[in-house]
Structures are given as C-alpha cells and as structure tokens.
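Chemist: okay, sequence plus prediction incoming.
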Amino acid sequence: MIRPFCALLLCLLVLPAQAASLTASVDRSRLSISETVELTIESDDPTQFGKPDLSPLEPLFEVLGTRQLNRITTRDGQTSATTRWIITLQPRHSGYVVIPPLQLGELATQPITLQVLEASPDAPTQVAPVFIDASLDQDSVYVQAQAILTLRIYHSVSLFDDSSLSPLQIADARVEQLGQARTYEKDIGGVRHGVIEVRFAIYPQRSGQLRIPALLFSATTVEPGRAGDFQPFGPRPGKLVRVRSPEIPLTVKAKPASYPADVPWLPARALSLNESWTPEPTQVQVGDSLTRHLLLKVDGLSSAQLPPIPATKVDGLRRYPDQPKLANQTSERGLIGSREESEALVPERSGRFELPEVEVLWWNTREDRLERAFLPARSLEVADNPELAEESAAPVTAAQPQILEGPPLWPWQLACALLALTTLLGFGLWWRARRQPAILPSPQSGPNPRTLLDDLRRACQANDPQATRQALDAWARQQPETLADMAARFVPLSDALDGLNGVLYSETGQHWQGEDLWRAIRSLPPAEQPAAGSGEPGALPPLYPR
C-alpha cells in the first residue's frame, strides 16, 4: 500500500495542470439477459483517491465484480496518470436499459444505452464442460454481400492460456475477423459459464450454396483442486479438450437482373454520400484553390470493396486529385467501410461553373431494392482576381533590341579551348609525378611472392611439416620484416610456429595440422610503417637494406 501511494503522490507533484475527465464505455451494447457486460470507467484526475459511486446501478444491474488498474505514462516529457475501473454487470431486466451517470467527486460519466434481449429458447443445453456454438446472422445473402458468423465457446471449468482456434478459410469467400475475441459470462441452467466470442465477416464471391466449415477449438482444462499444483517446467495437470463447431450452409444469391450492368455492384445495409469544402466556396476568385472532400460510407462492405467516386470534370477548372483514404470501422452489425476522396479545384477564368451531381447506385439488402445516393448539382461563382488582372494588363513597351553584327567569335573560342586543354594536361602530369616515389624501387629477384604463398598454402593443407618449413622460409625472405619480428607482434603466428617447431624437432613422430599456421598467415596484420619525418633530419637510408 505504501509504494502505490508514493507513486501517486509523486505523480501529483510532476503532473501539469489540465482539465480532468471521467469517461465510461462498454465492450458491447447488445447482449442477452443471461450474459454479462464489462463497464470501463476511466479517470485522468490524479487528485481523486476514491472510486465511483456504483449505487445507481443496483436497480438495473447486478454487480458481479470490480477491478481497478492504475497507470502512469510519460510521453514527450509530459507525465499522465490514469485510473481505470472495470465493472462486470449482469442486467436484471430485458429491453433497452440505460446505464445511469456515475459520480466520482465532481465529475460524472455519460449515460450508455444497452439492448438486452430475452433468453433464447433454443439456447445450448449441453452439459459438457466445454462446448462451442456457431450461428449466422442470416441464412441467405447476395454475392459479395456481408454475412456475420458468430462463434461462442462456453466453458464451465477454468482453462489455461494455451487455447487456440483453427483459422477460418473458405475457398469462394473473403473472410475478415471483426475485432479481437470478447470474453464474458453467461448463466446456463443455473451454471455460470465463461464465454469466448469471436465474430467473422464473410463475403461470398460466387452465387450458389456455400458451406461454412467447422472450426476446431483446443484448450487445457484446470482440474478442480489442482490449480495450485501447476509446475512451470513440467507437464500441465489439466486435460486437453478439443471441440468442433458445426458446419453451416449459406445460400448465396446472384446479382439481381434489374441492377444496371455498367454500374459497380454494391450490396449493403445502408449507404451515405457527403461532401465538404476547404475553404467554403462563397467568395472565389480566379487562381484560388478549393479542396472538395467526398466521403462514401457503406454499412456492410469493407473499404476495399468500394469503387472510386465519380470525378469532377468541368471545363475551366483544373483538377488535382489526392490519394483516397480507406478506413474500416467495426460495429455490432459488422464492418462499415469508408472511402474519402479529395480533389483540389483551381478556376482558370471567371464566371459561373456548373458542377454536375455525383450519383452512386447501390442495392439495399434490407429492403431488397435498388437505391440511389447522390449529391445535387451546384453552381460555383468565380470572380476576377485583381492581382492577376493587373499582371495580364501591363503593356509591353520595351523596344526591340537592335542586333549588331561584329567580328566572328570563333578564333577567341578556339584559343580559350586550347588554353583550357593544355592547362588540364599540365595539371594531370603534375599530379601523376607528385604521386610517384622519389627513388624507384628496384625489382625484386627471385620467385613471385604470390607463388610462394600458394606453395605455403598447399604445404599447410597437406599437413607436411618439412615442406611447410621450407615454403615458410622462402616466403619470409620476400617480406619486409623477419619471421621472428612477425611472430613477436602477432601471437597466433607465434603459437603456430611453436607447434611446427615442436613437430620438426620431436624425436617421436607426431601428426601435425597446418590449418592453424595457414590461418595465422592469412590473418597477419600488415607491418606498421614509420611515420614520415620521425627520423633525424638529414638521415640517410641504411646502406644494406634487408
């Protein structure tokens, strides 16, 4: 208790002054009367040490549990503290039930409306500790329309965290999972069950009969009375359980014959088309830039299924389209896809411009009929721009320049080109001579160093100590320093030479491996050159160089 209090007190000292808020949210707004819902209340006021007053919930809900989470975060040098209460509720009545505002100090939450359904008469009656139920929101859909598959896994026993569900894959349909899995509790036959709910949006791609395959759920159950006997590095004391969901048929209807053939097919529950301008086109002049935003929102389709919105094509208006913005929103009824297209319109002349209406045809799956969403045509009045008018009206009074003929310029150009070439040539020769040594090294006599190195490599790989010693001496005579100097400054080479000498001068025959010596030769760092000017002034090179 002392550590959380000290952390909260420290947060009070460093937090900047800001307006506090108290918000409430639920994990779902539609449930059965025998199910539970989680109410989350979040406060960012660090001065509140109590908890919300839950007494207004008693007439409408049964409070099954409350958890409190405290969190302190620092971002961009700003420290913030939040407190979250997670309350598990079970409704007492069916119908539309309102979670009343809850008070915390001087702050209060907003009310939330829930739809509580009566207990289904065909609810699962299985008595198994773990079973699964699958259902579709409708038995038949149009091709490319949305069908919602809901999987509910019921368990009356505790499960370990190793549960898994096989992926849903359908050959002739697109499948998208709707959010993360939700967990809650439900009373079945007087026994409280935990529920894991997963929802999928299915979009069939061809008409006919489609079968939703069975999904496999596997988990390890916790045996009663042995939950505390869990060994982290031993076998789990529970029992592996696997349950499979039933296969569900789905009838997919073809596109209606009355739907226009040259229009994109849009089967949806609802569709809206809106526009907005930045800035508002009230006082427009020639050369001004107006941005038109068109938003298409469809309930029942993903954003990837939405076609482009018809573009604005008017003579005298230059159009600069932007990249469309696609977004998906998950709701209780599935996906709500949106497509927003923005285009900049720049008038090139003054006058009246008639923007045509924007029309989108779609098929209402609830009413089973063709509908039309449109934006009405509108007029755009464009006035003259005084600044552009002054620039265009400025007379050109400058006299035409008189062209005078003079002597030819090619002799001067030729002379300048020759001078530039000779200068570059002289600079190149000077740079080449500057990079040459003052005393040319005399060519070395004897075998090529590359050949000697190859002989040394072959002798080492053949594990022949006698041939290796001869090749090593021949190679060392071609180096700028002695073999002893090289061994003195490179320890791996010294160790390899000790091993070679031990084999050569040992009275008992030993098997020698030349890999270490060859690796040391290849890894030998180059000798450090003496710094220029480090010797005494006027010093001469040695009379007998090595």
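Modeler: Done, it's in.

Chemist: per-residue confidence for the most centrally placed residue in the chain?
Modeler: Among the residues of the chain, the one closest to the centroid is Ala327, at 14.8 Å (Cα atoms, centre = their mean). Ala327 is assigned 95 on the pLDDT scale.

Chemist: show me where pLDDT drops low in the stretch 51-200 of the chain?
Modeler: 77, 119-127 (pLDDT under 70).

Chemist: go with 80
Modeler: 73-80, 119-127 (pLDDT under 80).

Chemist: what segments of it are strands?
Modeler: 61-75, 78-91, 95-99, 103-104, 107-108, 112-117, 130-136, 140-142, 147-155, 164-165, 173-177, 182-188, 191-204 (DSSP state E, counting those that start in this stretch).

Chemist: go on, the stretch 251-400 of the chain?
Modeler: Remark: strands assigned in the stretch 251-400 of the chain by DSSP E, counting those that start in this stretch are 267-268, 270-278, 284-285, 290-299, 317-321, 325-331, 334-347, 351-355, 358-364, 369-375, 378-383.

Chemist: what's the span of stretch 81-100, first residue to last?
Modeler: End-to-end span of stretch 81-100 (Cα to Cα, to the nearest Å): 25 Å.

Chemist: over to stretch 54-64?
Modeler: 12 Å.

Chemist: may I see the buried residues of it?
Modeler: Within stretch 54-64, the residues scored as buried using 16 or more other Cβ atoms under 10 Å are 54, 57, 60-61. C-beta coordinates here come from the backbone N, C-alpha and C atoms, glycine included.

Chemist: what's the answer for stretch 333-349, then?
Modeler: Here stretch 333-349 shows 333-343, 345, 347 as buried, counting by 16+ other Cβ under 10 Å.

Chemist: ok now it, how far from the chain's centre?
Modeler: The chain centroid and the centroid of stretch 333-349 are separated by 24 Å under Cα atoms, centre = their mean, to the nearest Å.

Chemist: I'd like the mean pLDDT over that stretch, please.
Modeler: 93.

Chemist: follow-up on the earlier one: out of the strands of the stretch 251-400 of the chain, which comes closest to Ser135?
Modeler: With Cβ to Cβ as the measure, strand 334-347 is the member of those nearest Ser135 (14.0 Å).

Chemist: counting contacts, what elements does that closest one pack onto?
Modeler: strand 290-299, strand 317-321, strand 325-331 (3 or more Cβ pairs under 8 Å, 6 or more residues apart in numbering; DSSP states H and E).

Chemist: in its sheet, what does that strand sit against?
Modeler: Strand 334-347 has the following strand partners under DSSP bridges: strand 290-299 (antiparallel), strand 317-321 (antiparallel), strand 325-331 (antiparallel).

Chemist: I figured Ile87 hits Glu62, correct?
Modeler: No - here Ile87 lies out of contact with Glu62, judged by Cβ atoms under 8 Å, at a distance of 11.0 Å.

Chemist: now the residue nearest to Gln466 when sequence neighbours are not counted: how far from Gln68?
Modeler: Once flanking residues are discounted, Gln466 sits nearest to Leu504: 7.3 Å by Cβ to Cβ, 6 or more residues apart in numbering. Leu504 sits 80 Å away from Gln68, going by Cβ to Cβ, to the nearest Å.

Chemist: please apply the same query to Ile196.
Modeler: Taken as Cβ to Cβ, the span from Ile196 to Gln68 is 24 Å.

Chemist: the two: who's more crowded?
Modeler: When Ile196 and Gln68 are compared for neighbours, Ile196 comes out ahead with 19 against 11, by other Cβ atoms under 10 Å.

Chemist: with adjacent residues omitted, what lies nearest to the more buried one?
Modeler: Closest to Ile196 by Cβ to Cβ, 6+ apart is Ile153, at 4.3 Å.

Chemist: and Leu306, by the same measure?
Modeler: Arg339 (4.3 Å).

Chemist: which strand residues bridge the one you found?
Modeler: Here Arg339, judged by DSSP bridges, has bridge partners Leu296, Leu326.

Chemist: also Leu104?
Modeler: What pairs with Leu104, by the bridge criterion (DSSP bridges), is Leu107.
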